[in-house]
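Participant: Starting from these lines, generate the structure:
(one chain, ligands or ions: 1)
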Amino acid sequence: MSERPRVAFVGLGRMGLPMAGNLLAAGYPVTGSDLSEAARSALAEAGGTAEADPLRAVDGADVVVLMLPDSRVVDALLFDTGVLGALPSGTLVVDMSSSEPEATRRIAELAAEGGVAYVDAPVSGGVSGARAGSLTIVAGGTDADVERARPLLEVLGSRVLHVGPAGAGDAVKALNNLLSATHLLVTSEAMLVARRFGLDVGQVLDAVNTSSGRSGSTEKKWPDFIVPETYDSGFGLRLMVKDMGIAVALAESTGVPTPLSHDALALWRRAADDLPEDADHTEIARWLSGQNSTDE
Ligand code: NAD
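Facilitator: Numbers count the residues shown, from 1 in each chain. Presented below is the predicted three-dimensional model:
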């Protein structure tokens, strides 16, 4: 019998499936659940056990990992479907979705009443980082709960940072994505100006990447997904807009004025209105290039 804790993994999407695969490769017994039958089959092919019913997936689990789209879905699973109420005292829940800090705090309090430990541990590093097990993971929770989750998290990521109590990981993650989204927007504006001015975008990126204007957008997103026009980073545009909304709501709750963040979010929301449901977030550059300057 394996000495590893038994893991229930709910949410086997672009991120969750490779993460669950890494846990299996590290010797964790994983039972996964997802609405998608294709995702469940893929987990079974990777050596896991798949259950359509999340209540069956969590039955007997020591640790429940969630990698779901947002807090609304996490809430529905835990409360409407009844997963939280079904967990025995002593279970650890690790929500690795990019969720809302306040919602997470509330869930962590309710979980504690039933003796269930709750850690938020959202990730950065994209689908490639999920596959490679090289994610950056920002965890929120008590010292004891985060230390309990750490061995599992270290399989999934190369940096595991405990950043505060429940909800702190979600706050850091949302602020990171606010920065990332705003960088991508202004990088896209700058590169479109460069192109219209007759410059070679590859040369401009090369120069910027050893200069003070560099960011993940100039080092990775533009060269890897936008210049080759593949727009296939694997991170959906709507998920990015969701994360920016969380960050701006957090800003409002603190009373800090964030006019640039509001404007950036408004632009991303306009792009979301115009683009298909499943658009990749790097499509923001193509959307921007199609905007008529007289519209502004
Ligand atoms: P995704 O849409 O590819 O996967 C989400 C999965 O959840 C899908 O397979 C879907 O079928 C499943 N799901 C939805 N509702 C469910 C339910 N009620 N029960 C069971 N399964 C359900 O999304 P993703 O890109 O894997 O992102 C997951 C989370 O990770 C999000 O919070 C996202 O913001 C965050 N994130 C994504 C990336 C990325 O590059 N894709 C990077 C960092 C963080």
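Participant: Apart from its neighbours in sequence, what residue is nearest residue 219?
Facilitator: Leaving out its chain neighbours, the residue that sits closest to residue 219 by Cβ to Cβ, 6 or more residues apart in numbering is residue 209, at 5.6 Å. Glycine gets a C-beta too; all of them are placed from N, C-alpha and C.
Participant: Apart from its chain neighbours, what residue comes closest to residue 188?
Facilitator: What sits nearest to residue 188 in space, not counting adjacent residues and going by Cβ to Cβ, 6+ apart, is residue 285, at 4.1 Å.
Participant: so the one you found sits right up against residue 226, yeah?
Facilitator: Yes: judged on Cβ atoms under 8 Å, residue 285 makes contact with residue 226 at a distance of 4.7 Å.
Participant: Find residues that contact each of the two.
Facilitator: In terms of Cβ atoms under 8 Å, 6 or more residues apart in numbering, residue 285 and residue 226 are both contacted by the residues 188, 191.
Participant: Let me see the contact set for the residue lying closest to residue 77 once chain neighbours are set aside.
Facilitator: Distances taken as Cβ to Cβ, 6+ apart put residue 83 closest to residue 77, at 5.3 Å, once the chain neighbours are dropped. Listed by Cβ under 8 Å, 6+ apart, the contact set of residue 83 reads 10, 54-55, 58, 64, 77.
Participant: and if you look at residue 75?
Facilitator: Listed by Cβ under 8 Å, 6+ apart, the contact set of residue 75 reads 103, 107.
Participant: Give me the secondary structure label for it.
Facilitator: When classified by DSSP: H, G, I helix; E, B strand; the rest coil, residue 75 comes out as helix.
Participant: Also residue 28?
Facilitator: Of the three states, residue 28 takes coil under three-state DSSP.
Participant: Kindly give the local confidence score, pLDDT, for it.
Facilitator: Note on residue 28: pLDDT of 98.
Participant: now residue 292
Facilitator: Confidence score, pLDDT, at residue 292: 71.
Participant: hang on, isn't the residue nearest to residue 219 packed against residue 217?
Facilitator: No: using Cβ under 8 Å, residue 209 is not in contact with residue 217; the gap is 10.6 Å.
Participant: shared neighbours of these two, anything?
Facilitator: Shared contacts of residue 209 and residue 217 (Cβ under 8 Å, 6+ apart): none.
Participant: related to what we said a few turns ago, what's around the residue nearest to residue 188, how many residues?
Facilitator: Per other Cβ atoms under 10 Å, the neighbour tally for residue 285 reads 25.
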